[in-house]
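*Asks:* sequence and predicted structure, then a few things I'm wondering about:
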Amino acid sequence: MVKTSTILTFLILSTVQSQIEEEKKDFCNSLIIKQARESGFRSLNFSEKIQYHLDLRKCENKIFVKAVKKEVNENQLVSDSEKAKTFTGKSSSFAYCIMLFITYLTFN
Amino acid sequence: MILLFQNINKLLITLIFALTVISAQPKLSFHLGSGFYKPSLGYLDPDSNSVIPSLSAFGKNILIDWGVKYQFYPNARIGYSRSNSYHSGKIGDSDYFRTISYRMITFETFYYPRKKMELNFMLAPMYNKGIIKLSSKGASSDWDSILNKFGNSSVKLLTEGEMTKRWLGLTSMIGFRYYIYPWFAIDGKAGFMQNSYSENKWKLDGDKVDGPTMNIKKMPVFKLHFVFGW
């Protein structure tokens, strides 16, 4: 009886331990972090952005966290600059008007 | 009737399109910073008015800025921004406090000539406000006579008055922004601030009075902002 209960306790504890370890791993590779790495930080909504930061904080591999942060930031900066690399629509006309106006004010 | 129905339809389609654009690209930013300008504060500085307390460069040339902007299009932002100039001191026994608030609705377009670097062009109609406030603590003989009857000693009361003036203006600026992180950038701007200010019709307790003869018609302005975005 004692032997059986000891084996059972050991089995339960080892399962719980493995689950905890898996959860620890999951923080580093959570769905939110994957989404941020694949689709960019701005693809996350407000609550997901908070979750992203919480997951990064809970992730124990700090070198990985640093690398993810750097990668997501760099990708976001590239994506932002690609999106607004040139003027589209009437935005260039608006900019030219301001340039002309400021030039006029400078010399008058 | 049909015309009205068509108009409502058009309005609905425009609204849905606008909402889709807004919700698809949410990018809200908040900025804090300061500006430098050189106004001629006629009768609001000690050089032209001996009553006014001494004025440092902070009170005369420095603006404290803050604002919120919303990027509604890949190249365009709209927002509300404020630049304040403060001066405080003592006139006799009274506390003197002067504020000039340049309040702007900003329209800004921008593009990235290189990664992390942004050039922006801003036009902002302004609705500005000037406030001159005096407050002092003094004894009131009438109050004292009543309070004495109740067995109290003399009490000093706060008396306060402020004169205000509102006027319109326009700001046009060209800026350069450098992104350190996607959520943090440093933004420098240069341009002009134009004001339609006149010294007449300041308001003091409902009365119209003449105010300082500031010459702020056309002023070059330089600004440096720290931008935080989401």
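*Replies:* Okay, I see it. In this text the structure is predicted, and so the values were computed from the model without any measurement.

*Asks:* nearest residue to B:His225 other than its sequence neighbours?
*Replies:* Spatial nearest neighbour of B:His225, excluding adjacent residues (Cβ to Cβ, 6 or more residues apart in numbering or on different chains): B:Gly33 at 3.5 Å. Glycine gets a C-beta too; all of them are placed from N, C-alpha and C.

*Asks:* pretty sure that neighbour is in a strand, no?
*Replies:* Yes: assessed by DSSP: H, G, I helix; E, B strand; the rest coil, B:Gly33 belongs to a strand.

*Asks:* that one: neighbour count?
*Replies:* 19 (other Cβ atoms under 10 Å in any protein chain shown).

*Asks:* state the mean pLDDT of the helix or strand where A:Phe27 lies.
*Replies:* Secondary-structure assignment from DSSP states H and E places A:Phe27 in helix A:2-28. For helix A:2-28, mean pLDDT rounds to 62.

*Asks:* okay, now B:Gln134: neighbour count?
*Replies:* Quick fix: residue B:134 is Leu, not Gln. The local packing of B:Leu134 (other Cβ under 10 Å) involves 16 other residues.

*Asks:* name the residues of stretch B:101-112 that are buried.
*Replies:* By neighbour count with 16 or more other Cβ atoms under 10 Å in any protein chain shown, stretch B:101-112 contains the buried residues B:101-104, B:106-112.

*Asks:* could the residues you listed go into CSV alongside distance to A:Asn108 and pLDDT?
*Replies:* Putting these into CSV (distance: Cβ to Cβ, whole Å; pLDDT from 0 to 100) gives the following:
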residue, distance to A:Asn108, pLDDT
B:Ser101, 27, 96
B:Tyr102, 21, 96
B:Arg103, 26, 97
B:Met104, 22, 96
B:Thr106, 24, 96
B:Phe107, 23, 95
B:Glu108, 24, 95
B:Thr109, 24, 94
B:Phe110, 26, 94
B:Tyr111, 28, 92
B:Tyr112, 32, 93
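
*Asks:* follow-up on the earlier one: contacts only, for the residue nearest to B:His225.
*Replies:* B:65-66, B:187, B:223-226 (Cβ atoms under 8 Å, 6 or more residues apart in numbering or on different chains).

*Asks:* could these go into a markdown table alongside pLDDT and secondary structure?
*Replies:* Listed next are the contacts of B:Gly33 as a markdown table, based on pLDDT from 0 to 100; DSSP: H, G, I helix; E, B strand; the rest coil:
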| residue | pLDDT | secondary structure |
| --- | --- | --- |
| B:Asp65 | 96 | strand |
| B:Trp66 | 97 | strand |
| B:Asp187 | 96 | strand |
| B:Lys223 | 97 | strand |
| B:Leu224 | 97 | strand |
| B:His225 | 96 | strand |
| B:Phe226 | 97 | strand |
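
*Asks:* can you say which of those residues are buried?
*Replies:* B:65, B:187, B:223, B:225.

*Asks:* got a list of what the second one touches?
*Replies:* Translated: B:Asp187. By Cβ under 8 Å, 6+ apart, the neighbours of B:Asp187 are B:31, B:33, B:120, B:175-178, B:223-227.
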